[in-house]
Every structure is written in structure tokens, then in C-alpha cells.
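> give me a model of this one.
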Amino acid sequence: MSRDAMLLVEALRDPASTRNLDAQGWTELLSMARAEQLIGTLAERLKSESVPSKIAEIIAEARINAAYQRRSALWEADCARRALAGYDGKVVLLKGTAYVAAGLWAGEGRSIGDLDILVARDDLPEVEVALLAAGWEWVKPDPYDDAYYRDHMHELPPLIHRERDRMIDVHHTVLPLTAGRRPDADGMLVEAIPLPCRGGVRGGVFQPLSDADTPHPNPSPEGEGPCTLSPADMVCHSAAHLFADGELDGGLRNLWDIHCLMSEFSSSEFWAQLRERAARHQLSEPVERAVRLAHRLYGTEIPTEWQGWHRQDKWYVARLTARDGWGRPTRKFIRLIFYIRSHWLRMPPLMLARHLWTKWRKGQASA
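Numbers count the residues shown, from 1 in each chain. This next block holds a predicted model:
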């Protein structure tokens with residue numbers, strides 16, 4: 001088993017490429033898809049393909065699980081909406097929950113974990129109090145971790161609901177405060193698009209839960225629901241999350257999101273807006289790289305002026321596709337380089353050294 005995750009990339013790009021797979025090829029493809037959290041997306045892409053009976057069973061199960069995750073994500077978004085019913089500011093859904101709530105292609109079959117929302121930084125105390133009153137509690141009660149999140153990160157310390165065991169990440173911007181780039185979070189909120197609670201995008205995907213179904217006793221009024229980022233800001237945020245804030249774990253899934261978003265929104269107006277918004281958010285470099293790599297790997301149709309290839313792009317491709325036929329991570333040295341890079345991007349060297357030293361000492365003490 002020596003193939004890398006280009007096997008998965010090709011299957012997503014062209015589902016017909018799976019027609020000649022033997023049993024081992026299917027095993028490798030499904031292992032990679034699970035490891036990259038793309039099994040539900042792959043199942044959606046294979047809907048029109050004839051596959052072996054045993055594979056069909058696995059694919060059907062993946063679709064069922066993706067549908068369950070979709071319902072759970074919308075449930076949790078509605079619970080947060082109700083908890084924040086008294087809050088006058090915008091509550092913006094992010095990532096997978098935003099895609100399914102808005103009925104976007106990027107949400108089809110997507111794996112969804114925590115609920116991520118964006119609110120104004122000045123409103124964090126009000127939002128925090130409302131969520132705590134509605135049953136969420138802190139995951140990281142440690143004073144150092146709490147202070148680190150509040151002083152340096154782009155979100156509150158993570159919260160988990162005591163009854164539903166579901167986590168929520170409350171963002172006030174999209175990159176750590178210690179990062180060199182400064183996205184315009186206030187501008188993202190201004191441009192955010194409300195989702196109607198009834199009859200929303202594509203026939204009303206975001207629906208408030210009935211009183212009988214929800215654990216919250218006091219329903220909030222119907223009308224405007226939570227928001228999503230504008231199309232250009234969605235791509236900017238996804239590119240920031242992929243290239244400016246991490247070591248590319250889950251990178252193929254995030255790049256697929258970007259491929260779907262750009263394919264669905266594509267127009268001359270959208271591409272002009274994307275260029276302008278990326279510059280405004282100081283994200284031109286990661287957005288341009290995301291566009292290039294989506295075009296190269298997934299075949300996204302992009303304007304000629306966005307096309308090209310930079311020498312460093314090959315290392316991103318090598319990192320994104322670093323999986324073997326068992327779904328295990330490969331190319332350890334490249335992964336290490338991107339791991340170091342991710343920490344370097346998050347904070348200045350002296351702060352990074354102090355943070356890692358503190359975490360190491362705390363780990364030694366607890367051991």
C-alpha cells in the first residue's frame with residue numbers, strides 16, 4: 001500500500017475514476033476518506049456511481065451518519081439561537097454548521113463537529129453569561145488556559161453543554177490575536193447575511209425546533225435566525241483556517257469546502273469581491289494559495305488571472321496528501337515542518353517559547 005491521498009482527491013474530483021478500483025483500491029480509498037473526515041462527502045459524490053455491494057453498504061451508512069451530523073448541527077445551532085434570544089448583536093454561524101444551515105454544496109455529506117459562532121468582541125461578556133445560564137460550562141477550568149484564551153486567542157475558552165455534551169466555540173475574530181495578520185472581524189459582522197428561520201436559503205434549510213423537541217423552555221420569536229458570512233468572507237475564513245492558523249490537519253476537507261464555495265458562488269462579481277475582501281482581511285496570500293490548490297487538486301474553475309503555480313505550493317500538496325493506504329499519516333518530516341510553522345504563525349518566538357515552557361512545566365507537575 002504505497003499510494004498517497006491523491007487517490008481520494010481523484011475520486012472526489014471525478015467519481016468515475018473509482019470504476020476500475022479493485023478490493024484493495026476501495027479499502028485504501030475508504031480508509032483515506034475516513035482519516036480525512038471526507039467519507040460522507042465521498043458518499044455524496046458516489047451517488048450516481050455503481051459500486052460493489054459491500055461498498056454500497058458502507059457508503060449508505062456514511063450517508064446516514066452525515067445526515068445525523070447535519071441534524072445534530074442544526075439542533076445545536078437552534079439551541080444557541082434560543083439561548084441568545086435576548087442578545088441584540090449578530091450571531092454568525094461558521095464552518096460546517098453554516099454550510100448546512102444555508103443549504104450550500106459544501107455542506108453535502110460534510111463531517112461536522114463543534115458549533116462555531118462569531119460575535120462582536122465587545123459583546124463577549126454578554127454572550128458568555130447567556131450561554132452559561134443556558135447550560136454550557138467551561139471545558140478548560142485551568143486559570144492559565146483560561147487567561148491564555150482570553151488574552152491571546154481568537155475565541156473564548158471552549159464550552160460544553162452539561163446535558164447534551166456538545167461543544168461550542170465562541171469566536172470574536174478568525175485568527176489568534178498574536179498572529180501577524182489582522183482580519184477585519186467587525187467588517188465580517190457588518191457583511192454577514194441573516195438566515196430566515198422559515199423559508200430560508202434553498203427552501204428554508206435552517207428551521208427552528210419545535211417546543212416539544214428542544215430542551216429550552218422559552219422559544220425565541222421567529223423571523224431572522226442566525227447569520228452566515230458573506231460568500232467572499234466565507235472563502236477568506238476557510239483559507240485563513242487552512243493556511244494561516246494550523247498545520248493542515250483536515251486540509252483536504254477544508255480545501256474541498258473552498259472548492260465547493262467557489263464553484264457555487266463563482267461570478268465576475270464574486271471574484272472581484274474575493275480579491276477586495278482578502279486584501280481587507282490581510283489574507284491575500286492564503287486566499288490566493290487556496291484558490292490555486294483547489295484548482296490544481298479538485299479542478300475548480302477559476303479566472304485566468306488567479307491561475308498560476310508557486311514553488312512552495314508543491315510542499316502544501318505533499319502535506320495535504322500525506323496518507324497511506326491504511327489512512328495513516330506519512331511524510332513525517334514534512335508534517336513536522338508544518339507543525340513548527342503553525343506555532344510560528346500563531347505567536348512571536350519569545351511568547352511561543354514562554355507558552356511551550358509553561359505548558360511543559362504544567363504537564364510535568366500533573367504527571
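
> for this protein, longest helix please?
The longest helix of the chain (DSSP state H) is helix 53-83.

> packing partners for it?
Under the contact criterion of 3 or more C-beta pairs under 8 Å, 6 or more residues apart in numbering; DSSP states H and E, helix 53-83 touches helix 23-35, helix 39-45, helix 95-101, strand 115-118, helix 124-133, strand 224-228. (Glycine included, C-beta is placed from N, CA and C.)

> helix 53-83 and the first one, what's the angle between them?
With axes from the mean of the first three to the mean of the last three C-alpha atoms, to 10 degrees applied, the angle from helix 23-35 to helix 53-83 works out at 10 degrees.

> now Lys140, what's its secondary structure?
What DSSP: H, G, I helix; E, B strand; the rest coil gives for Lys140 is coil.

> repeat for Val170
At Val170 the chain is in strand, as set by three-state DSSP.

> if we can go back for a sec, tabulate the helices and strands packed on helix 53-83 (JSON lines), appending mean neighbour count and mean pLDDT.
Below are the helices and strands packed on helix 53-83 laid out as JSON lines (neighbours: other C-beta atoms under 10 Å; pLDDT from 0 to 100):
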{"stretch": "helix 23-35", "mean neighbour count": "19", "mean pLDDT": "96"}
{"stretch": "helix 39-45", "mean neighbour count": "23", "mean pLDDT": "97"}
{"stretch": "helix 95-101", "mean neighbour count": "26", "mean pLDDT": "95"}
{"stretch": "strand 115-118", "mean neighbour count": "25", "mean pLDDT": "96"}
{"stretch": "helix 124-133", "mean neighbour count": "15", "mean pLDDT": "96"}
{"stretch": "strand 224-228", "mean neighbour count": "21", "mean pLDDT": "84"}
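
> now render those as JSON lines, adding distance to Asp142.
JSON lines is the format used below for these (distance: least, C-beta to C-beta, whole Å):
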{"stretch": "helix 23-35", "distance to Asp142": "31"}
{"stretch": "helix 39-45", "distance to Asp142": "34"}
{"stretch": "helix 95-101", "distance to Asp142": "26"}
{"stretch": "strand 115-118", "distance to Asp142": "22"}
{"stretch": "helix 124-133", "distance to Asp142": "17"}
{"stretch": "strand 224-228", "distance to Asp142": "30"}
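
> these: which one's closest to Val287?
When these are compared by C-beta to C-beta, helix 95-101 sits nearest Val287, at 16.5 Å.

> strands of the stretch 151-300 of the chain, residue ranges please.
159-161, 167-171, 193-196, 224-228 (DSSP state E, counting those that start in this stretch).

> ok, of the ones you listed, where does mean pLDDT dip lowest?
Mean pLDDT per stretch puts strand 224-228 lowest among the strands of the stretch 151-300 of the chain, at a mean of 84.

> now that one: how far from the chain's centre is it?
Relative to its parent chain, strand 224-228 has a centroid offset of 18 Å by C-alpha atoms, centre = their mean, to the nearest Å.

> again, but for stretch 328-341
In terms of C-alpha atoms, centre = their mean, the centre of stretch 328-341 is found 21 Å from the chain centre.

> and the angle from the longest helix of the chain to strand 167-171?
60 degrees.

> and helix 53-83, average pLDDT?
Averaged across helix 53-83, the pLDDT comes to 95.

> same question, stretch 342-360
Averaged across stretch 342-360, pLDDT comes to 62.

> related to what we said a few turns ago, next SSE downstream of the longest helix of the chain?
Later in the chain than helix 53-83, the nearest helix or strand by DSSP states H and E is strand 92-93.

> quick check: can you name the pairing partners of that next one and their directions?
As defined by DSSP bridges, the strand partners of strand 92-93 come to strand 115-118 (antiparallel), strand 224-228 (parallel).
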